[in-house]
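In: How does the following fold in three dimensions:
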Amino acid sequence: MTHSQAHFRHQVSSLLDVTSLLEPALVNRWKRGAKSILLCIRSDHILESNVARYLLELLETINALEGLEKFQLIIRGQRSRLRTSVLAAIVEKAKKMTTLEISNAFILVDCPNSDECNRALRQHGTLDSMALLDCQPARRDGIATSLLPLISSLAENQVLTNLVIDSKVLQGDNEEITRALAELGRSSLRTFKLCNCREHGLAEDNLLPMLRQLHTNQVMSELCLYDESPTQGRSGATISAAVAEMLGTNSKLESVLLSVQPTNVPPIIEALRTNTTMKRIRLHAQHQSCFKTVMENLARVLRDDNFVLEQCQLGAGGPITSSNVIEYFLTLNRLGRNFLLTNHEATTDDWVKTVCSHQERTDVVMYFLLKNPSLIDQTISSQGLVSESDHMANAQQPQAKSNQGRVVVTSQSEFAVFTERNKRQKH
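Out: Numbering: from 1, shown residues only. The predicted model follows:
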């Protein structure tokens, strides 16, 4: 157990741990100003019905805390069973819960209580983030059960903004899987991460309706379709084409992570020519000989058309480091190239401040000056912007001298001398 004055973190692995949290001394510390509580349950039996009642009592105590702003509940089941009736009771009791994460558990749908669980998740008023990791439906009396109605309930929750699920949760009728994913595609989620979607047998056709919904989705800003397996977990040409088409029309997504076969990367890169919102893209693919052509095309896209992409990862490793050209244009985008080149409200001061704040990068300075040659007639300092009055006050001084330690550049020829001197100093 660790806690500061306002933030508490508790690990629970036994019934004794639960009852200890109900001690008046700890509850009083919570009441004196707890802003956030993280409760992590690690046990293979703590969520059995005869034990969960103590947890429900604890949740009721937490609900009574007036100043509580964040309550995170993490359940790590150690391959144990979690009944939907118990889950429903937890969700209903934890009225101030903002995060619920369940991992490594078999979720048993015990009818008729499954409807109660789905309703509790759908109607919860503070649940912001939900994760179901390495979870799957448990068999009841040898008969397979389905968690797809639970997923649909999460899609209908208007408060939930972040959802992470493992594809093992999506077991059941093929049409129901497709329908549940499509509902997520038109939900109010800002972030949706689907892990190991191909590795556990999810068909590409299941994902297509969701991607079509994202064409007009104006809420979701981050999408992740990620597989750890380097062989089975790679999206083929159908998904790559669908993602590319979606990027061509979607005007909200800012971040995409996709596990894709290397030969299917080019359509996605080409879609970046017209996309105006994507800031981060990661295409998780094994390196192949085609990557050289892909990177050359990406460099052209960034040079000519895409002024918004700021981060790009291609391959199973980290950021692209083999292409200085790509990193150069990504840097320009991070510095605000899109605003300067496309926004008519960008002022001369905006241009000058951008150039001056990155004057140590001669290539960056040169790019913006070439794009806006009128800047060469402006007064630019190597440490900041010199006002017109400062410039006039120093007009009688030789321009070769420094202005309070700052080099003043007022002509194209002086700029050439300035940049050449910077190069010599660096070398």
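
In: Any regions of the stretch 101-250 of the chain where pLDDT drops low?
Out: 111-113, 198-201, 229-234 (pLDDT under 70).

In: That one: helices as residue ranges?
Out: Applying DSSP state H, counting those that start in this stretch to the stretch 101-250 of the chain gives helices spanning 114-123, 148-156, 174-185, 204-213, 237-249.

In: what about stretch 255-271, start to end distance?
Out: 14 Å (Cα to Cα, to the nearest Å).

In: Point to the residue nearest the middle of the chain.
Out: Glu222 (5.0 Å; Cα atoms, centre = their mean).

In: what's near enough to touch it?
Out: Counting by Cβ atoms under 8 Å, 6 or more residues apart in numbering, Glu222 touches Arg190, Thr191, Phe192, Lys193, Leu253, Glu254, Ser255, Val256. No exception for glycine: its C-beta is placed from N, CA and C like everyone else's.

In: what about burial for these, which qualify?
Out: Arg190, Phe192, Lys193, Leu253, Glu254, Ser255, Val256 (16 or more other Cβ atoms under 10 Å).

In: Can you tell me which of those is nearest Arg9?
Out: Distance to Arg9 across these (Cβ to Cβ) is lowest for Lys193, with 23.8 Å.

In: isn't the closest one right next to Ser167, touching?
Out: No. Under the criterion of Cβ atoms under 8 Å, Lys193 makes no contact with Ser167, lying 11.0 Å away.

In: And Leu59, how far from Lys96?
Out: 9 Å (Cβ to Cβ, to the nearest Å).

In: and these two? which has more neighbours close in?
Out: Leu59 (22 against 17; other Cβ atoms under 10 Å).

In: Which elements pack onto the helix or strand where Val18 lies?
Out: In this structure, Val18 is located in helix 15-20 according to DSSP states H and E. On a contact count with 3 or more Cβ pairs under 8 Å, 6 or more residues apart in numbering; DSSP states H and E, helix 15-20 meets strand 7-12, helix 49-63.

In: can you pull the buried residues of the helix or strand that it is followed by?
Out: Reading on from helix 15-20 to the C-terminus, the next helix or strand found by DSSP H and E is helix 24-31. For helix 24-31, a neighbour-count test (16+ other Cβ under 10 Å) marks Leu26, Val27, Trp30 as buried.

In: With only the CA atoms kept, save helix 24-31 in CSV.
Out: Output of helix 24-31 as CSV, limited to C-alpha atoms (Å, rounded to 0.1, in the frame of the first residue of the first chain):
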residue,chain,number,x,y,z
PRO,A,24,-11.6,3.5,10.4
ALA,A,25,-8.1,4.9,10.4
LEU,A,26,-7.6,4.5,6.7
VAL,A,27,-11.1,5.6,5.9
ASN,A,28,-10.5,8.8,7.9
ARG,A,29,-7.3,9.4,5.9
TRP,A,30,-9.4,9.2,2.7
LYS,A,31,-12.0,11.6,4.1
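
In: helices or strands up against that helix?
Out: Using 3+ Cβ pairs under 8 Å, 6+ apart, helix 24-31 sits against helix 49-63.

In: same thing but at 6 Å, please
Out: Based on contacts counted as 3 or more Cβ pairs under 6 Å, 6 or more residues apart in numbering; DSSP states H and E, there is no element that helix 24-31 packs against.

In: by how many degrees do it and helix 49-63 diverge?
Out: 40 degrees (axes from the mean of the first three to the mean of the last three Cα atoms, to 10 degrees).

In: domain ranges for the chain?
Out: As assigned by automatic domain parsing, the chain contains the domains 1-164, 173-334, 356-426.

In: could you dump those domains to CSV with distance to Glu345?
Out: As requested, those are arranged in CSV below (distance: least, Cβ to Cβ, whole Å):
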stretch, distance to Glu345
domain 1-164, 31
domain 173-334, 16
domain 356-426, 15
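
In: Any idea which of those gets closest to Leu340?
Out: Closest among the domains of the chain, using Cβ to Cβ: domain 356-426, at 7.1 Å.

In: Pull up the gap between Leu21 and Thr61, please.
Out: 8 Å.

In: who's more crowded, the two?
Out: Between Leu21 and Thr61, counted using other Cβ under 10 Å, the more crowded position is Leu21 (21 against 15).

In: Name all residues that make contact with that one.
Out: By Cβ atoms under 6 Å, 6 or more residues apart in numbering, the residues touching Leu21 are Leu58.

In: Would you state the predicted confidence (pLDDT) at it?
Out: In this model, Leu21 is scored at 89, pLDDT.

In: that older thread, could you dump the helices of the stretch 101-250 of the chain to TSV with mean neighbour count?
Out: What follows is those, written out as TSV (neighbours: other Cβ atoms under 10 Å):
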stretch	mean neighbour count
helix 114-123	19
helix 148-156	20
helix 174-185	19
helix 204-213	19
helix 237-249	19
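
In: Put together a markdown table for the ones you listed, with distance to Met130 on each row.
Out: As requested, the helices of the stretch 101-250 of the chain are exported to a markdown table (distance: least, Cβ to Cβ, whole Å):
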| stretch | distance to Met130 |
| --- | --- |
| helix 114-123 | 8 |
| helix 148-156 | 6 |
| helix 174-185 | 12 |
| helix 204-213 | 17 |
| helix 237-249 | 24 |
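
In: Leu132 is nearest to which of these?
Out: helix 148-156 (8.5 Å).

In: helices and strands around the closest one, which ones?
Out: So helix 148-156, by 3+ Cβ pairs under 6 Å, 6+ apart, packs with helix 114-123, helix 174-185.

In: That helix vs helix 174-185, what angle?
Out: Using the same axes, to 10 degrees, helix 148-156 lies at 20 degrees relative to helix 174-185.

In: which other residues reach helix 148-156?
Out: Asn118, Leu121, Arg122, Gly172, Glu176, Ala180, Glu183, Leu184, Ser187.
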